[in-house]
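*Asks:* Would you be able to build a 3D model of this:
(2 chains)
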Amino acid sequence: MVVVLTLISLIAAGILGAVYTVTAEPIQQAKTAKQQAAIQQVLTTFNRLETDTVNNLPVHRAYQDDNFAGAAVEASSNGFGGEIKIMVGFDPQGNIIDYAVLQQAETPGLGTKIVDWFKTDKNNQSIKGKNPGKNNLTVSKDGGEVDAITAATISSRAFLEALQSAYQAYAGNDEATNATTGATSLQPDTTAVDSLNIQLTDSINAIIE
Amino acid sequence: MKSLKIILNGLIKENPTFVLLLGMCPTLGTTSSAINGMSMGLATTFVLICSNIVISLIKNLVPDKVRIPCYVVVIAAFVSVLQMCMEAYVPAIYETLGLFIPLIVVNCIVLGRAEAFAAKNNAWYSALDGIGIGLGFTFALTLLGAMRELLGTGKVFSLTLFPENYGALVFVLAPGAFIALGYLIAIVNKMRKA
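*Replies:* Coordinates of the predicted model:
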């Protein structure tokens, strides 16, 4: 009885080990390919890439010859169904060029729309060309200027949260390179405070009502 | 003759979703679109065929007392193999199904067929039973997925049939899954009696 169960488990473990060795490389390749494709997608032309880490987030800074051409930042936050991982591309002024969703486990048909909702040019959906340092990129329910996905406000909030941390990493990086000017990045994190205020007033209103 | 009968048995007479009402969790969870339902069905079919064959081969070696743990180990091994292969070679589908792939292990259809069919029949018939039940499951999930996708978003297999604005969002959500499944079962029952 014990022997049979052990034997079966051993064989199963052996098979799994073999399959793991065979598939480990393609899995890694698929992930790297996806990351590379995402960098290509969210940035304009560049021919050199430097990767470093700011606030524990990978920042891929792109250069066209020796000119800074923007940066792609990976950031993540907790969505409705698990971690949302995105790649955001900023131009040298800090405006959003494009973004790509690397990983998400949101509700199919609702939260999964984050993949292209925020780049669709309709009403106030699109975040392309906006600057998280100047624009209040939170959902309109929280007083921001972005339309949340219908029936997926939590996913939308999580996405924008990741976007903010990506921008913080990007801006923090900026500060290091031009420490003398630094003006663009020396803004306090007002958006977070604002949204907190709005949440507070919201809940107070709810109590009053 | 018996081979054909086994396949048809799984597809129609003992359709796991519409007749046996087995494996409801992935049925309701993954059918938000036709393509998701179909991929889930095919993934389960693969596991069903493999586990049915292996279990029918080892059925005489396994003592009765530990047969369930043994079956679960076999099923879990195949699911993990499937998961790794999907992650490596079809990452797009792997991402949409995500959590539901490992959950095939606890899908009662798989263990149910191992216990009810594979443990009593030879490898050839067990494989056929896996194909039949698997295809029945795939058919049911695709149908349910297509129905929900159509009513919810106006699309089937991402092919737009009517504008999304006319769709009822509830069909994409979990309650819509119950409603759609209820009507499908009612229709199938009506047809079976007629």
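*Asks:* element containing A:His24?
*Replies:* Not His; residue A:24 is Ala. Using DSSP states H and E, A:Ala24 maps to helix A:2-42.
*Asks:* Can you name the next helix or strand after that helix?
*Replies:* Immediately after helix A:2-42, counting by DSSP H and E, sits strand A:48-54.
*Asks:* Which elements pack onto that next one?
*Replies:* Secondary-structure packing of strand A:48-54 (3 or more C-beta pairs under 8 Å, 6 or more residues apart in numbering or on different chains; DSSP states H and E): strand A:57-64, helix A:153-177. Glycine gets a C-beta too; all of them are placed from N, C-alpha and C.
*Asks:* Provide the secondary structure category for A:Ala75.
*Replies:* The three-state label given to A:Ala75 by DSSP: H, G, I helix; E, B strand; the rest coil is strand.
*Asks:* and it, what does it touch?
*Replies:* A:Leu57, A:Lys85, A:Ile86, A:Val88, A:Ala162, A:Leu163, A:Ser165, A:Ala166, A:Ala169 (C-beta atoms under 8 Å, 6 or more residues apart in numbering or on different chains).
*Asks:* could you point out where the chain is predicted with low confidence?
*Replies:* The chain I'm using is chain A. Counting by pLDDT under 70, the low-confidence segments of chain A come to A:108-109, A:173-209.
*Asks:* sorry, should have said chain B
*Replies:* For chain B, applying pLDDT under 70 flags no range at all.
*Asks:* what does it put close to chain A?
*Replies:* Residues of chain B that fall close to chain A, judged by C-beta under 8 Å from any C-beta of the partner chain: B:30, B:32-33, B:36, B:58, B:61-63, B:65-66, B:69-70, B:73-74, B:76-77, B:80-81, B:84-85, B:87-89, B:91, B:95-96, B:98-99, B:149, B:152-153, B:169, B:172-173.
*Asks:* Going by neighbour count, list what's buried in the longest helix along chain B.
*Replies:* Criterion DSSP state H: the longest helix present in chain B is helix B:123-153. Neighbour counts over helix B:123-153 (16 or more other C-beta atoms under 10 Å in any protein chain shown) mark B:125-153 as buried.
*Asks:* which strands and helices sit next to the host helix or strand of B:Gly29?
*Replies:* Using DSSP H and E, B:Gly29 sits within helix B:24-30. If contacts are counted by 3+ C-beta pairs under 8 Å, 6+ apart, helix B:24-30 sits against helix B:34-58, helix B:123-153, helix B:174-193.
*Asks:* Would you tell me what the next helix or strand after the longest one is?
*Replies:* Read in the C-terminal direction, the helix or strand following helix B:123-153 is strand B:155-156, with elements assigned using DSSP H and E.
*Asks:* A:Lys130 contacts A:Leu137, doesn't it?
*Replies:* Yes. Shown here, A:Lys130 and A:Leu137 form a contact pair, counting by C-beta atoms under 8 Å, at 6.2 Å.
*Asks:* How much space separates the residue in chain B sticking out farthest from the centre from B:Ser33?
*Replies:* In chain B, the residue that sits farthest from the middle, by C-alpha atoms, centre = their mean, is B:Asn165; the gap is 30.8 Å. Distance of B:Asn165 to B:Ser33, given as C-beta to C-beta, to the nearest Å: 18 Å.
*Asks:* ditto for A:Phe46
*Replies:* Distance, A:Phe46 to B:Ser33, using C-beta to C-beta: 36 Å.
*Asks:* Neighbour count for those two, which is higher?
*Replies:* B:Ser33 (26 against 20; other C-beta atoms under 10 Å in any protein chain shown).
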